[in-house]
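[1] I need the structure of the sequence given here:
(one chain, ligands or ions: 1)
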Amino acid sequence: MSDTAVYLDHAASAPLRPEAREAMLPFLDGRFGNPSSIHRFGREARAALEDARARLARVIGAAPAEIVFTRAGTEADNLAVLGRARESKGAPVAVSAIEHKAVLASGHAARDEGSPLILLPVDGNGVVRLDGVDAALEAGPAVVSVMWANNEMGVLEPVAEVGARCRAAGVAFHSDAVQALGKVPVRVDEAAVDLLALSAHKVGGPKGVGALYVRRGTRLHPLLFGGGQERGMRPGTEDVAGAAGFAAAAEAAEAERETAMARIAALRDWLEAGLREAVPGLVVNGAGAPRLPTISNVSVPGADPEALLMGLDLEGIAVSSGSACSSGAVEPSHVLTAMGIPPELAGPSIRFSLGWTTSDVDIARALEVFPRVAARVR
Ligand code: PLP
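    Below is the predicted model of the structure:
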């Protein structure tokens, strides 16, 4: 077992940024008030919560009142898709075939409640087909959901084009920007999104904290019932420390985005070039489309995916197969399958994901270890 740990699984969860930790500490300690209380403890917590809301809103070009804090990205996606379906009572729901399970399973739940589910097809690189979006819009859906960037491949989706089409048709457009925030510009005004899901732990904030951007005028049925917090859209006492950590992490990621992403793109290119050279037959999935600089998804034909992951872990390299959020299953990923990638390639696929702590030492070590382990498990 190697004691050199190389973490190349930032898309599963990124290490906490020091800025986020600093921002959270006061609210884990002395400033414990409930933001809904009217006394000074409550007012102090309320001020911190509203400050976090305003700062997060600024990062994505929204108004503070359009940010609803949620319990993780999953809940934000559920609220967007199911909240729209319940609001529209029976209208179809259209989601792309390569969405994260947080969106896909919300689509299935909506279908079980009587909203027909339309799966939007993608091309061979995992990019949603605009003719499919046009066809779906003719059915008058309650919501169209197309993610900003895919979590398995890093492929960027044509959100501006989809948003423009939805806007013209008067249909609400939801985008899951959980993986995109801090890596590419995510501005709600530029993509005409009405709903946008975010998650703190993917940008170096705490786990279990998310947000849904809800454009003014977009009606949503809440999924939880209780006090009137978050304008009734997400009742429950807010996680003040979590919101403060989320805003600090998002700001830090955004402030360094251009320089950090140029550095990480170079590391990713080096990794892919090295792997292609050293591992015969290796395929980089989604490479024909614009991608996030942080994700590289490779298939090693003939390799046993589980043995590959375990072998890498034994050598201290942490990566994931398919989507980390649904790991445990070794079935080919639904994303690669939707792209038309055959099971013999989709099965043995590995996702490397780089982030703010990734260094050239990490990539050099991955390039040293991966070809050896891949050869062993073929
Ligand atoms: N959406 C995407 C694209 C993701 O990658 C993830 C997590 O991997 C989620 C949603 C869920 O976010 P959370 O872990 O905050 O529930």
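
[2] Report the separation between the residue in the stretch 51-200 of the chain positioned nearest to the ligand and A94.
    For the stretch 51-200 of the chain, the residue positioned closest to the ligand under C-beta to the nearest ligand atom is G73, at a distance of 2.7 Å. Backbone N, C-alpha and C define where each C-beta goes, glycine included. Applying C-beta to C-beta, to the nearest Å, the value for G73 to A94 is 20 Å.

[3] Can you name the residues in contact with the helix or strand containing the residue of the stretch 51-200 of the chain closest to the ligand?
    Counting by DSSP states H and E, the element that carries G73 is helix 72-88. Defining contact as C-beta atoms under 8 Å, 6 or more residues apart in numbering, one finds that helix 72-88 is touched by 68, 70, 91, 93, 95, 100, 102-103, 106-107, 109-110, 113, 115, 142-143, 145, 172, 174, 176, 178, 195, 197-199, 202, 207-212, 219-223, 233-234.

[4] Next step: those residues restricted to strands.
    With DSSP state E as the criterion, strands contain 68, 70, 93, 95, 143, 145, 174, 176, 195, 197-199, 210-212 from among the contacts of helix 72-88.

[5] and which of those residues is nearest to R372?
    S199 (34.5 Å; C-beta to C-beta).

[6] What is the neighbour count of the closest residue to that closest one other than its chain neighbours?
    Spatial nearest neighbour of S199, excluding adjacent residues (C-beta to C-beta, 6 or more residues apart in numbering): G73 at 3.0 Å. The burial count assigned to G73 is 29, neighbours taken as other C-beta atoms under 10 Å.

[7] Next: P116.
    Under the criterion other C-beta under 10 Å, the count of neighbours that P116 has is 14.

[8] Just the endpoints, please. Distance across stretch 343-353?
    End-to-end distance of stretch 343-353 (C-alpha to C-alpha, to the nearest Å): 22 Å.

[9] just how off-centre is it within its chain?
    Centroid displacement of stretch 343-353 relative to its chain, using C-alpha atoms, centre = their mean, to the nearest Å, is 19 Å.

[10] buried stuff in the helix holding G73?
    For helix 72-88, burial by neighbour count (16 or more other C-beta atoms under 10 Å) applies to 72-88.

[11] And stretch 193-210, by the same measure?
    So for stretch 193-210, counting by 16+ other C-beta under 10 Å, buried means 193-206, 208-210.

[12] Of those, which fall within the contact range of the ligand?
    Among those, the ones lying close to the ligand by the criterion of C-beta under 6 Å from any ligand atom are S199, H201, G210.

[13] For the helix or strand of the chain at the bottom of the mean pLDDT ranking, name the packing helices and strands.
    Of the helices and strands making up the chain, the lowest-confidence element is helix 343-346, at a mean of 85, by mean pLDDT, DSSP states H and E. The contact analysis (3 or more C-beta pairs under 8 Å, 6 or more residues apart in numbering; DSSP states H and E) places helix 343-346 against helix 334-338.

[14] Kindly recompute the last result at 6 Å.
    With contacts defined as 3 or more C-beta pairs under 6 Å, 6 or more residues apart in numbering; DSSP states H and E, helix 343-346 has no helix or strand neighbours.

[15] average pLDDT for the following helix or strand past that helix?
    Downstream of helix 343-346, the first helix or strand assigned by DSSP H and E is strand 349-353. Per-residue pLDDT values over strand 349-353 give a mean of 95.

[16] Could you tell me which residues of this structure lie near the ligand?
    Among all residues of the chain, those adjacent to the ligand (criterion: C-beta under 6 Å from any ligand atom) are 72-74, 77, 100, 102, 147, 151, 176, 178-179, 199, 201, 210, 325.

[17] Give me the number of neighbouring residues for the closest residue to E50 other than its chain neighbours.
    Excluding the flanking residues, the one nearest E50 by C-beta to C-beta, 6+ apart is P64, at 6.9 Å. Neighbouring residues of P64 were enumerated by other C-beta under 10 Å; the total is 14.

[18] Next: the one 4 residues further on.
    A count of nearby residues for V68, using other C-beta under 10 Å, gives 24.

[19] Looks like it contacts E230 (just checking).
    Yes - V68 lies in contact with E230 (C-beta atoms under 6 Å); the separation is 4.7 Å.

[20] Show me the common contact partners of the two, please.
    When contacts are counted by C-beta atoms under 6 Å, 6 or more residues apart in numbering, the set common to V68 and E230 is empty.

[21] Check what pLDDT the residue lying farthest from the centre of the chain gets.
    Ranking residues of the chain by C-alpha distance from their mean position (C-alpha atoms, centre = their mean) puts H39 at the top, at 37.3 Å. Among the per-residue scores, H39 shows a pLDDT of 98.

[22] if I pick the closest residue to it other than its chain neighbours, what's in contact with it?
    Taking C-beta to C-beta, 6+ apart, and ignoring the residues beside it in sequence, H39 has G33 as its nearest neighbour in space, at 7.5 Å. With contacts defined as C-beta under 6 Å, 6+ apart, G33 is in contact with F41, G42, E44, A45.

[23] Which members of those are positioned in helices?
    Among those, the members falling in helices (DSSP state H) are F41, G42, E44, A45.

[24] Emit the PyMOL select command for whichever of those are buried.
    Selecting in PyMOL just the buried members of those, where the criterion is 16+ other C-beta under 10 Å, is done with this command:
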select buried, resi 44+45
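
[25] how about the helices in this protein?
    If you assign secondary structure with DSSP H, the helices in the chain sit at 18-28, 40-60, 72-88, 101-112, 130-137, 159-169, 188-191, 240-255, 257-278, 305-314, 334-338, 343-346, 360-376.

[26] In the fifth one, which residues have enough neighbours to count as buried?
    To tie it back to what came earlier, the one meant is helix 130-137. G132, V133, A136, L137.
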